[in-house]
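**Student:** sequence and computational prediction follow.
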Amino acid sequence: MLFILIMIICAAGFTKQCTKGALNGIYFCAEVLVPSIFPFMVISSFVVKSGISAMLGKYLERITRALFGLSGKCGTVILLSVIGGYPVGARGLAQLCEQGEIDRESARKAAYFAVGAGPGFLLSFVGVRLLNSFEVGACILASQVISVIILGIANKYIFRKNSAYIFNTELKNKYSSLSDAVVESTVSSTYGILEMCGMVVAFSAVGNVARSLIESGSARKYVDILLEVTSACNTLTQEKNIILIAFSVGFAGLCVHFQIFQSLKNIRINKTLFFVYRIIQGLITALFTYIFIRAFGVTLPVFSNIQNTELSLSSSVLGSGLLVLCGVCFLYSIRKNKHEVK
């Protein structure tokens with residue numbers, strides 16, 4: 001409700017800025033999000049609907065159980081989440097839960113850490129297009145994968161009760177044929193990508209209005225980080241701040257958070273805890289990106305001297321602290337229920 005009110009104010013009082021932001025959002029969707037994420041959304045849905053997730057889950061069972069305290073079926077979705085993009089993991093977990101292949105607690109447990117941008121976004125868009133360096137994109141991607149693993153391992157001890165491995169032979173009858181699974185996956189993913197693009201356009205419009213009202217350039221970049229990751233990466237590229245880009249990728253932005261909340265609406269995760277996880281994931285991603293860049297001596301064509309760039313963790317940590325404060329206030333303002341985890 002609050003976001004709708006903000007949209008009305010932006011559209012009515014700041015038409016020019018709102019329109020420009022919406023157009024930027026449409027551009028990002030057409031040029032970046034749809035090509036890099038939609039195929040993996042279809043694959044993720046197909047893997048679940050066809051029963052491939054159950055087959056792969058048997059091979060991933062030991063690894064997933066040992067690392068994360070989850071069944072192998074969750075392991076399939078976790079794997080897809082790091083190669084597919086932000087909403088892929090959440091959608092896969094929701095579908096597994098709907099089909100009765102995993103319990104709701106397993107889905108909730110995995111949802112807190114099975115979040116990440118895919119290689120298409122990080123390598124092609126952030127690395128090659130924005131930073132003109134495949135190597136830096138690879139550093140951020142590797143750092144993000146490490147952050148997911150670290151959070152998953154920590155998550156096992158935060159939620160100490162191991163989730164039961166559910167494999168009901170009756171589920172075999174619920175799987176679609178390969179041809180039906182292709183059609184169903186494409187249709188459901190089309191609706192999903194449209195919802196995602198709608199959110200990106202809306203947040204881009206609001207973000208552009210917010211930037212026009214803020215005089216400080218430093219504050220503007222944190223608004224982008226808070227709201228929408230694609231715009232944030234684009235803005236931070238102009239500042240040549242690799243570490244803050246890495247943090248933004250790990251944090252993902254409220255636009256992605258809302259998409260995940262929508263996908264997991266029947267699982268009812270704790271939104272505040274999810275937000276805290278994203279802050280931690282952003283910090284871990286930024287830290288390992290810093291380590292990899294230093295260790296491998298990665299340089300960028302757009303940098304005259306990497307030593308002179310903003311490769312300082314202190315500025316990112318300060319910004320992250322401000323981001324935490326703003327984000328927590330925002331989340332509490334939209335919470336409808338004080339007890340979201342049953």
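**Tutor:** Arrived safely, thanks for sending. Since we're looking at a predicted model, the values are computed, not measured.

**Student:** in the stretch 151-300 of the chain, which segments are predicted with low confidence?
**Tutor:** 161-177, 215-217, 300 (pLDDT under 70).

**Student:** in stretch 258-266, what counts as buried?
**Tutor:** Within stretch 258-266, the residues that qualify as buried are 258-264, counting by 16 or more other C-beta atoms under 10 Å. Placement of C-beta: from N, CA and C, glycine included.

**Student:** helices of the stretch 51-200 of the chain, start to end?
**Tutor:** Listed in chain order, the helices of the stretch 51-200 of the chain (DSSP state H, counting those that start in this stretch) span 52-68, 72-84, 86-98, 104-111, 119, 134-158, 178-213.

**Student:** looking at those, which is closest to Phe247?
**Tutor:** Nearest of the helices of the stretch 51-200 of the chain to Phe247, taken as C-beta to C-beta: helix 134-158 at 10.0 Å.

**Student:** for that closest one, buried residues please.
**Tutor:** 135-141, 143-149, 151-152, 155-156.

**Student:** and what of stretch 45-60?
**Tutor:** Buried residues in stretch 45-60 (16+ other C-beta under 10 Å): 45-54, 56-57, 60.

**Student:** stretch 237-255 too?
**Tutor:** Buried residues in stretch 237-255 (16+ other C-beta under 10 Å): 237, 240-255.

**Student:** nearest residue to the middle of this protein?
**Tutor:** Tyr86 (3.3 Å; C-alpha atoms, centre = their mean).

**Student:** nearest residue to it in space, please, no chain neighbours.
**Tutor:** Val256 (4.6 Å; C-beta to C-beta, 6 or more residues apart in numbering).

**Student:** is the one you found in contact with Gly85, as I believe?
**Tutor:** No: in this structure Val256 lies outside contact range of Gly85 using C-beta atoms under 8 Å: 9.3 Å.

**Student:** okay, the helices of the stretch 51-200 of the chain in a markdown table with distance to Leu23 next?
**Tutor:** A markdown table is the format used below for the helices of the stretch 51-200 of the chain (distance: least, C-beta to C-beta, whole Å):
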| stretch | distance to Leu23 |
| --- | --- |
| helix 52-68 | 38 |
| helix 72-84 | 27 |
| helix 86-98 | 22 |
| helix 104-111 | 33 |
| helix 119 | 27 |
| helix 134-158 | 26 |
| helix 178-213 | 8 |
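
**Student:** between those, which one is closest to Val229.
**Tutor:** Across the helices of the stretch 51-200 of the chain, closest to Val229 is helix 86-98 (C-beta to C-beta), at 7.8 Å.

**Student:** got the contact list for that closest one?
**Tutor:** With contacts defined as C-beta atoms under 8 Å, 6 or more residues apart in numbering, helix 86-98 is touched by 37, 40-41, 44-45, 47-49, 53, 73-74, 76-78, 80-82, 102-104, 106-107, 110-111, 114-118, 192, 196, 229, 252, 256, 259-260, 263-264, 266-267.

**Student:** of those residues, just the buried ones, PyMOL syntax please.
**Tutor:** Burial among those is assessed by 16+ other C-beta under 10 Å; the matching PyMOL selection reads:
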select buried, resi 37+40+41+44+45+47+48+49+53+73+74+76+77+78+80+81+82+102+106+107+110+111+114+115+116+117+118+192+196+229+252+256+259+260+263+264+267
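
**Student:** residues contacting the nearest residue to Leu123 once chain neighbours are set aside?
**Tutor:** Nearest residue to Leu123, sequence neighbours excluded (C-beta to C-beta, 6+ apart): Gly137, at 4.3 Å. Gly137 sits next to 122-124, 126-128, 131 when contact means C-beta under 8 Å, 6+ apart.
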